[in-house]
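In: can't give you the sequence, but here's the structure:
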Ligand SMILES: Cc1cc2nc3c(=O)[nH]c(=O)nc-3n(C[C@H](O)[C@H](O)[C@H](O)COP(=O)(O)OP(=O)(O)OC[C@H]3O[C@@H](n4cnc5c(N)ncnc54)[C@H](O)[C@@H]3O)c2cc1C
């Protein structure tokens, strides 16, 4: 059995930064993630996307932010169990917990921090004939490595931020990008929508509005998509890759069995310290909800700092916590 002070479920950006905040208070952490790699959505969904709203790190590429977070917590020597999903929390008589995974790993801890993001997230799949048949043979639900699309003919579908951002990004490296959207206007950021219209007007991409991709064709690998217009017209587009981007459907998974307050697939927390309704269990980052919640990385970082100050009392019940600034470079490890 692994023994630690704080067990963090989810090694996304927020779970990783929580290790730093715990470390400043001399609390040890062990992280568990269902994915085989750390970084959460940043590693799994958009490793190459620039992030513009991290204070002091303008335009940082997602995977670089994760590398930096790992560097920042290195001195606190966190433990990692990757590729295993937390299934069960077992409360002990003294109030501590044993956290159990699907691979029978057990972690004994004083405090549980749920930093599980979207839970077990799955892409929303549109109703397109033969979509699943071409998965891995031309159909991609995420853009993990944009380079793989270099010089390809690509069709994207969707009207949100992901569809707009990737249309703009891939326009520079693909042979041809076509964006298909069922509406006339986009749900995504107005700036990105304006840029997409600009690219279409300049002839750099093809924009097909008021239409939907309705079937895929090819022999073994994807060769074409067929697009059905609202006016019932049918167009066939030669395609190497089809990327439907209709968001992720959050699934709480085992978290919904832990007697926590849950609203709209998120864990309800107290905004004083991001604690849940169950003592010694906190929830931070995208997984939690409270009035005014914003699902942003920097909000999760803030929650981690506040939450660790509150958790201190369970790890060091005999000590009084006094707030200090981090003024020393190189905090001692344990
Ligand atoms: C395309 C896109 C672009 C974005 N751009 C920005 C941006 O520019 N700026 C910004 O601030 N935010 C952005 N976001 C949002 C940002 O990615 C999230 O706010 C952030 O990832 C939340 O971090 P997190 O650590 O809470 O959760 P996540 O990154 O979701 O990580 C949670 C981890 O928990 C794991 N997990 C879940 N359940 C279990 C379980 N039972 N057992 C073990 N592990 C589990 C998951 O596998 C996952 O790795 C973007 C999101 C998307 C999809």
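Out: Cool, got the structure. For clarity, every value in this text was computed on a predicted model and none was experimentally measured.
In: Break down the stretch 151-300 of the chain into its strands, ranges please.
Out: 153-157, 176-181, 206-209, 211-217, 224-229, 234-238, 241-244, 248-249, 262-263, 266-268, 281-283, 288-289 (DSSP state E, counting those that start in this stretch).
In: List the contacts of residue 246.
Out: 123-126, 157-158, 160 (Cβ atoms under 8 Å, 6 or more residues apart in numbering). For every residue, glycine as well, the C-beta is placed using N, CA and C.
In: How many residues are close by residue 322?
Out: When counting by other Cβ atoms under 10 Å, one arrives at 5 neighbours for residue 322.
In: how much space between it and residue 13?
Out: Going from residue 322 to residue 13 by Cβ to Cβ, to the nearest Å gives 28 Å.
In: Contact partners for the residue nearest the centre of the chain?
Out: Closest residue to the average C-alpha location of the chain: residue 41 at 2.4 Å, with Cα atoms, centre = their mean. For residue 41, the contacting residues are 12, 117-118, 121, 286, by Cβ under 8 Å, 6+ apart.
In: shouldn't residue 134 be in contact with residue 218?
Out: Yes - using Cβ atoms under 8 Å, residue 134 makes contact with residue 218 at a distance of 6.7 Å.
In: Of the two, which one has the most company?
Out: Taking neighbours as other Cβ under 10 Å, residue 134 and residue 218 compare with residue 134 leading, 22 against 18.
In: Leaving out chain neighbours, which residue sits closest to the more buried one?
Out: residue 222 (4.7 Å; Cβ to Cβ, 6 or more residues apart in numbering).
In: for residue 119, same thing?
Out: residue 252 (4.5 Å).
In: The protein - how does it break down into domains?
Out: Annotated domains of the chain cover 2-121+250-315, 124-246 [automatic domain parsing].
In: ranking those by burial, who's on top?
Out: domain 2-121+250-315 (a mean of 19; mean count of other Cβ atoms under 10 Å).
In: Quickly check: it near the ligand or not.
Out: Yes - for a cut-off given as Cβ under 6 Å from any ligand atom, domain 2-121+250-315 has contacts with the ligand, namely 9-15, 32-35, 40-42, 45-46, 49, 51, 53, 85-86, 115-120, 253-254, 285-286, 295-298, 300.
In: quick one: average confidence on that domain?
Out: Averaged across domain 2-121+250-315, pLDDT comes to 95.
In: what about that domain, how long is it end to end?
Out: 16 Å (Cα to Cα, to the nearest Å).
In: Could I get the full set of helices for the stretch 1-150 of the chain?
Out: Remark: helices assigned in the stretch 1-150 of the chain by DSSP state H, counting those that start in this stretch are 13-24, 41-44, 62-73.
In: what about the closest residue to the ligand within the stretch 151-300 of the chain, distance to residue 299?
Out: The ligand sits closest to residue 285 of the stretch 151-300 of the chain, with a gap of 2.2 Å, by Cβ to the nearest ligand atom. In this structure, residue 285 and residue 299 are 8 Å apart, going by Cβ to Cβ.
In: Same check on residue 187?
Out: Residue 187 is 21 Å from residue 299, by Cβ to Cβ.
In: By proximity to the ligand, which residue of the stretch 51-200 of the chain wins?
Out: residue 117 (1.8 Å).
In: List the contacts of that residue.
Out: Going by Cβ under 8 Å, 6+ apart, the list of residues near residue 117 reads 10, 12, 14, 40-41, 285-287.
In: Regarding this protein, what is its longest helix?
Out: helix 297-315 (DSSP state H).
In: still on that earlier bit, export the domains of the chain to CSV and tack on distance to residue 326?
Out: Listed next are the domains of the chain as CSV, based on distance: least, Cβ to Cβ, whole Å:
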stretch, distance to residue 326
domain 2-121+250-315, 6
domain 124-246, 34
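In: Span of stretch 288-303 from start to end?
Out: 10 Å.
In: what's in contact with that stretch?
Out: Residues contacting stretch 288-303 (Cβ under 8 Å, 6+ apart): 13-14, 17, 51, 53-55, 65, 114-115, 263-264, 266-271, 274, 284-286.
In: could you redo the last one with a cut-off of 6 Å?
Out: 13-14, 17, 263, 266-269, 271, 274, 284-286 (Cβ atoms under 6 Å, 6 or more residues apart in numbering).
In: Same check on stretch 16-26?
Out: 6, 8, 29, 69, 72-73, 76, 78, 113, 301, 304-305, 308, 312.
In: Try it again at 8 Å.
Out: Contacting residues not belonging to stretch 16-26 are listed as 5-6, 8, 28-29, 31, 38-39, 66, 69-70, 72-73, 75-76, 78, 113, 115, 284, 300-301, 304-305, 307-309, 311-312, 315-316, 321, 326, 331, 333-334 [Cβ under 8 Å, 6+ apart].
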